[in-house]
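Visitor: okay, here's the prediction I keep looking at, along with the sequence it came from:
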Amino acid sequence: MASFDAAARTFVRAHGTTLVDTAGHEVFDAISSVWTTVHGHGHPAIVAAIARQARELDHVTALGADNPVAEELAARLCALTRCAHVMFAGDGASAIEAALKMAVQYWQNVGEPQRTRFVRLRDAYHGDTAGAMAVSDIALFKERFAAITVDSLLYDDVETALERDDVAAIIVEPIVQAAAGMRIVPKERYAMLRGPRTPLLIVDEIATGFGRTGTMFAFEQLALDPDIVALGKGLSGGTLPLSATLASERVYEAFLGSYGEARHFCHGHSYAGNPIACAAALASLHLFTSEETLETVARTDAALDTVLAPLAVHPLVGEVRRRGLMIGIEVAAEGIAAFDAPTPAWRIANELYARGHFTRPIGATLQLVPPLVASLPELHSFVDALVAALDSVSP
Ligand SMILES: Cc1ncc(COP(=O)(O)O)c(C=O)c1O
């Protein structure tokens, strides 16, 4: 915090793919405000849905109560994911906490209470709360909090993990590990998770969901049949905090019983199922159809290799990783002096900002994860600006 300069990046307005800072400087939101914005900022259809819902029913608890907007959204999400039931929360990490607790209690309810452990992928990231950290793998984010995180198992020997009788669930990010710097997990790594298995499978679609990898959800490309799916970020179109933990019928049924049996899931948040956030999500889902968003993504996807070509051959770029519209550009940090920036990649990000593009490095990786509606000229402009930024720091 001591070196964070808020004045350099304070945003006061946004429209479409553009953010406007306090100096009136307009920048392209090249990271979709950390993978949240889907149809662009301030989309009129979502803004109208939010305003309409705020007038009708702003909030009501979902604890022992219900509202029709959350019901409608739950039905839509189940139809899209082939899950059966939905539990709403606010941030992605909250959806992960619910998923982990659901898995542990599932095994208690079906008579295998010793199944309490989780298996995580190498380089996994699932959020910053205690449970989410426990199943994450990136040392920087969890190491110092060992006192409040339980141990999880690494996925490397998945065959053994699948045979153990103490594993509650395996949790995976499908295809792209965004927080690890847009690391692409080979599809074969998920092969053992297809077909019959005893531990539950939790798929974390918080970063990859809602079209970013080319399909509505990345797990569709892996032919996985998850027991639990976590959604967040783009769920509300990137407008309001809303997340969801979706469960299969098998999981849900294990929680049914008479009151005295206490099989129910004791878990809830004040704003779960907030009608305004759910209305925004419904409007966002509607836009996927009315604006043919996935068709736009497919066209952009097809053009992106050409758009990114100048980076692939730049001497200060180590690797360009991509699936759909999730792109990681690893810079050759050893060839770039950081000067007064925290790291070489931050220096490039600062140069990019001055040239009208807002991104945020992860280690040596610069991200390009644009809103799904970003145009090819905007993406070309990002690449041109990045090449110019790299050229400007070339020794
Ligand atoms: C795959 C994944 N899961 C979970 C989270 C946590 O979501 P949130 O930041 O909304 O708590 C993130 C955030 O980046 C993520 O990338």
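Guide: Structure's in. What do you need?
Visitor: quick one: residue 348 is in a strand?
Guide: No: Residue 348 is assigned helix when assessed by DSSP: H, G, I helix; E, B strand; the rest coil, not a strand.
Visitor: hmm, it is touching residue 332, no?
Guide: No: with contact defined as C-beta atoms under 8 Å, residue 348 does not reach residue 332; the gap is 10.7 Å. Yep, even glycine has a C-beta here, placed from its N, CA and C like the rest.
Visitor: who's more crowded, these two?
Guide: Between residue 348 and residue 332, residue 348 has the larger neighbour count (other C-beta atoms under 10 Å), namely 26 against 15.
Visitor: which residues sit in contact with the more buried one?
Guide: 331, 336, 361, 366, 386, 389-390, 393 (C-beta atoms under 8 Å, 6 or more residues apart in numbering).
Visitor: do the same with residue 370
Guide: For residue 370, the contact set (C-beta under 8 Å, 6+ apart) comprises 17, 28-32, 325, 378-379, 382.
Visitor: after the lengthiest helix in the chain comes which helix or strand?
Guide: Longest helix in the chain, counting residues (DSSP state H): helix 293-312. Next in sequence after helix 293-312, counting helices and strands by DSSP states H and E, comes strand 317-323.
Visitor: is the ligand within reach of that following strand?
Guide: No: judged by C-beta under 6 Å from any ligand atom, strand 317-323 makes no contact with the ligand; its nearest approach is 13.5 Å.
Visitor: give me the distance between residue 309 and residue 320.
Guide: 9 Å (C-beta to C-beta, to the nearest Å).
Visitor: next: residue 246.
Guide: 33 Å.
Visitor: which one's more surrounded, the two?
Guide: Taking other C-beta under 10 Å, residue 246 and residue 320 do not tie; residue 246 has more neighbours (27 against 21).
Visitor: tell me which residue of this structure lies closest to the ligand.
Guide: Residue of the chain nearest the ligand, by C-beta to the nearest ligand atom: residue 92 (2.3 Å).
Visitor: ok, and what's touching the longest helix of the chain?
Guide: 38-39, 211, 214-216, 287-288, 317, 320, 322, 324-325, 327, 329, 372-374, 376, 379-380, 383-384, 386-387.
Visitor: which of these fall in strands?
Guide: 317, 320, 322, 327, 329 (DSSP state E).
Visitor: just the closest of these to residue 139, please.
Guide: Closest approach between the ones in strands among the contacts of helix 293-312 and residue 139, by C-beta to C-beta: residue 329, at 23.0 Å.
Visitor: now the closest one. Nearest residue, chain neighbours left out?
Guide: Excluding the flanking residues, the one nearest residue 329 by C-beta to C-beta, 6 or more residues apart in numbering is residue 366, at 4.6 Å.
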